[in-house]
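Trainee: Have a look at this fold, sequence not included:
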């Protein structure tokens, strides 16, 4: 089966989760600019793959009583993994994962606050069209804005029920402002800790007084609805002063407003932060780490170019991400395999490249925890520890164990696919290397892999040899250090 060029394979690993053999054949017919356009210009109305869940030909899910991703966090995790494997818009899922880290929110606190799994899951993961009250979970919000307008996303995040629980915004009232959201809006979501002072935190908290929740229906039932509510009676109407400009004329003060129109205070602050040059630069640096390299520090020319693209396009992320993927820094072949695969990226790429016949994504949930990542459960407001931090001894062992389980599960299918490559150990190894998007192995590694294939007797390409050696070979390759880089 045809394979994409190394540059397109690089694109599929970074802007997606790798490619199945069928996807690889499709992208092998594309030039790099065409492939970039195919990923960036997805049609949001044609990305719903949920109807395929539980049907033949797709990775499996495990149903306990009924599959309920809107109300069971385990099923929500299964659903997201399924989408990462099969979505026709992999960049949308990749950017949803990026924003999940950027706006890190943990299900466990939401569940502890509301006291029941169904409502907490709905706030984190509910799909609006499938929820009886029309709630849209936070992950669905991030998916909707995957390549959307960042300023608008900030406004929606400020109103998001899960975020209002996570950063205690529902406790933010006049006379006793709660500072968590205002602080993280500046420190983590926009321009960074070095660009504000403590008085700004207090002023930001006052800006968002009254941004609260309306809860209707019966807690823990499908009728329960959690929706944003601006409570004007709890808004601090006095002036708020900042150490940085809020308005285009340079003014640093949000003037007093009547309570009824006080929600505009928050909009004004978000507008100012969204278009601040340091927000643009901070996002550019995060996109460097996400798409270009975790090994090399962000290039200043790249940061200047991408931040200017962001500002010139009114904070719309689609042209920003397109510019990243078309940049000379992303296209430089020396940057291939210069990012450490997150556990979920490793798992999804393995499923796409090895296969998933008869495999359930539910079987990946515990291994993912052991690798250090649980979807919907970043450890704190900073998200996950990235880069080499993923690779504790236990985390790497869990990756190797998952590779063994998946390769064993797929050994019969891999044998069938390898049948035409059974002439020699070299041809079998070439087949395996062509199936996986890996860098060319060092000579000593290639020799060791060939020794593994030859071990146990003269190579004949028999059914038994193909069954045992093909599965074992894919285990060794996907559990290797090279496969942990994308």
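Mentor: Thanks, I have it. Every value quoted in this text rests on a predicted model; they were computed, and no experiment measured them. Numbering: from 1, shown residues only.

Trainee: What pLDDT does the model give residue 346?
Mentor: pLDDT for residue 346: 98.

Trainee: now the one 10 residues further on
Mentor: Residue 356 is assigned a pLDDT of 98 by the prediction.

Trainee: measure residue 157 to residue 122 for me?
Mentor: Relative to residue 122, residue 157 is positioned 17 Å away (CB to CB, to the nearest Å). Just so you know, the C-beta spots here come from the backbone N, C-alpha and C atoms, and that holds for glycine as well.

Trainee: just residue 171 next, same as before
Mentor: From residue 171 to residue 122 the distance is 21 Å (CB to CB).

Trainee: hang on, the earlier thing: among residue 157 and residue 122, which residue is more densely surrounded?
Mentor: residue 122 (28 against 24; other CB atoms under 10 Å).

Trainee: helices and strands around whichever strand or helix holds that one, which ones?
Mentor: Element membership of residue 122 [criterion: DSSP states H and E] is helix 117-125. Here helix 117-125 touches helix 73-86, helix 107-114, helix 138-144, helix 161-166, strand 225-230, going by 3 or more CB pairs under 8 Å, 6 or more residues apart in numbering; DSSP states H and E.

Trainee: part of a strand, is residue 296?
Mentor: No: counting by DSSP: H, G, I helix; E, B strand; the rest coil, residue 296 falls outside a strand, being coil.

Trainee: and it, how many residues sit next to it?
Mentor: Residue 296, neighbours per other CB under 10 Å, totals 14.

Trainee: ok, and the closest non-adjacent residue to it?
Mentor: Nearest residue to residue 296, sequence neighbours excluded (CB to CB, 6 or more residues apart in numbering): residue 338, at 6.8 Å.

Trainee: Count the neighbours of that neighbour for me.
Mentor: Counted with other CB under 10 Å, residue 338 comes out at 16.

Trainee: correct me, but it touches residue 485?
Mentor: Yes: Residue 338 lies in contact with residue 485 (CB atoms under 8 Å); the separation is 7.2 Å.

Trainee: Could you report the neighbour count for residue 56?
Mentor: The burial count for residue 56: 7, using other CB under 10 Å.

Trainee: Do me a favour and get the backbone dihedrals for residue 40.
Mentor: The phi and psi torsions at residue 40 (degrees, to the nearest 10) take the values phi -80, psi -40.

Trainee: could you list every residue that touches it?
Mentor: 91, 147, 318, 321, 322, 325 (CB atoms under 8 Å, 6 or more residues apart in numbering).

Trainee: Quick check: the gap between it and residue 291.
Mentor: 12 Å.

Trainee: what's the overlap in contacts for the two?
Mentor: In contact with both residue 40 and residue 291: 321, 325, using CB under 8 Å, 6+ apart.

Trainee: Residue ranges of each domain in the protein, please.
Mentor: 22-278, 279-335, 343-484 (automatic domain parsing).

Trainee: How about the residue positioned nearest the centre of the chain, nearest residue that isn't a chain neighbour?
Mentor: The centroid of the chain falls nearest to residue 97 when counting by CA atoms, centre = their mean (1.1 Å). Counting by CB to CB, 6+ apart, residue 344 is the residue found nearest to residue 97 once chain neighbours are left out, at 7.0 Å.

Trainee: can you list the residues that contact the strand or helix carrying that neighbour?
Mentor: Using DSSP H and E, residue 344 falls within helix 343-354. Under the contact criterion CB under 8 Å, 6+ apart, helix 343-354 has outside partners 13, 17-21, 23, 59, 81, 84-85, 97, 341, 359, 361, 364, 367-368, 371-373, 375, 390, 395, 399, 402-403, 406-407, 410, 414, 435-437, 474, 478, 483-484, 486.

Trainee: In helices, which of those residues fall?
Mentor: If you go by DSSP state H, those have 13, 21, 23, 81, 84-85, 97, 364, 367-368, 371, 395, 399, 402-403, 406-407, 414, 435, 474, 478 in helices.

Trainee: Now the buried members of those residues.
Mentor: The neighbour count (16 or more other CB atoms under 10 Å) marks 13, 21, 23, 81, 84-85, 97, 364, 367-368, 371, 395, 399, 402-403, 406-407, 414, 435, 474, 478 as buried among the ones in helices among the contacts of helix 343-354.

Trainee: Contacts only, for residue 485.
Mentor: Counting by CB under 8 Å, 6+ apart, residue 485 touches 337, 338, 339, 340, 341, 439.

Trainee: Most neighbours among those residues, please name it.
Mentor: For the contacts of residue 485, the largest number of neighbours (other CB under 10 Å) sits with residue 341, at 23 neighbours.

Trainee: From what I see, that one and residue 481 are in contact.
Mentor: No: look at residue 341 against residue 481 with CB under 8 Å: they stay out of range, at 10.9 Å.

Trainee: and residue 418, how far is that from residue 22?
Mentor: Distance from residue 418 to residue 22, by CB to CB: 17 Å.

Trainee: More neighbours: these two, which one.
Mentor: Using other CB under 10 Å, the more surrounded residue of residue 418 and residue 22 is residue 418, with 22 against 10.

Trainee: got the contact list for the closest residue in space to residue 365 that isn't next to it in sequence?
Mentor: Spatially, and ignoring its direct neighbours in sequence, residue 365 is nearest to residue 77 (5.8 Å; CB to CB, 6+ apart). Residue 77 sits next to 365, 374, 375, 376 when contact means CB under 8 Å, 6+ apart.

Trainee: Among these, which one lies nearest to residue 182?
Mentor: Relative to residue 182, the closest of the contacts of residue 77 is residue 376; by CB to CB it sits at 24.3 Å.

Trainee: need the strands for this protein, in chain order.
Mentor: In the chain, the segments counted as strands under DSSP state E are 211-216, 225-230, 240-241, 253-254.

Trainee: which residues does the spatially closest residue to residue 394 that is not a sequence neighbour contact?
Mentor: Of all residues not flanking residue 394 in the chain, residue 370 sits nearest, at 6.6 Å (CB to CB, 6+ apart). Listed by CB under 8 Å, 6+ apart, the contact set of residue 370 reads 394, 395, 398.

Trainee: Nearest to residue 259, out of those residues: which one, please.
Mentor: Checking those against residue 259 by CB to CB gives residue 395 as the nearest, at 50.7 Å.

Trainee: Is it correct that that closest one is in contact with residue 372?
Mentor: Yes: using CB under 8 Å, residue 395 makes contact with residue 372 at a distance of 4.8 Å.

Trainee: Could you measure from residue 197 over to residue 243?
Mentor: 5 Å.

Trainee: To clarify, my last question referred to residue 38.
Mentor: Residue 38 sits at a distance of 45 Å from residue 243 (criterion: CB to CB).

Trainee: With neighbour numbers in mind, choose between those two.
Mentor: Neighbours were counted for residue 38 and for residue 243 using other CB under 10 Å; residue 38 has more, 16 against 12.

Trainee: For the more buried one, list the residues it contacts.
Mentor: By CB under 8 Å, 6+ apart, the residues touching residue 38 are 27, 30.

Trainee: what about residue 213, neighbour count?
Mentor: Neighbour tally, residue 213, other CB under 10 Å: 17.

Trainee: what about the helices in the stretch 151-300 of the chain?
Mentor: 161-166, 180-184, 198-207, 263-274, 277-287, 300-312 (DSSP state H, counting those that start in this stretch).
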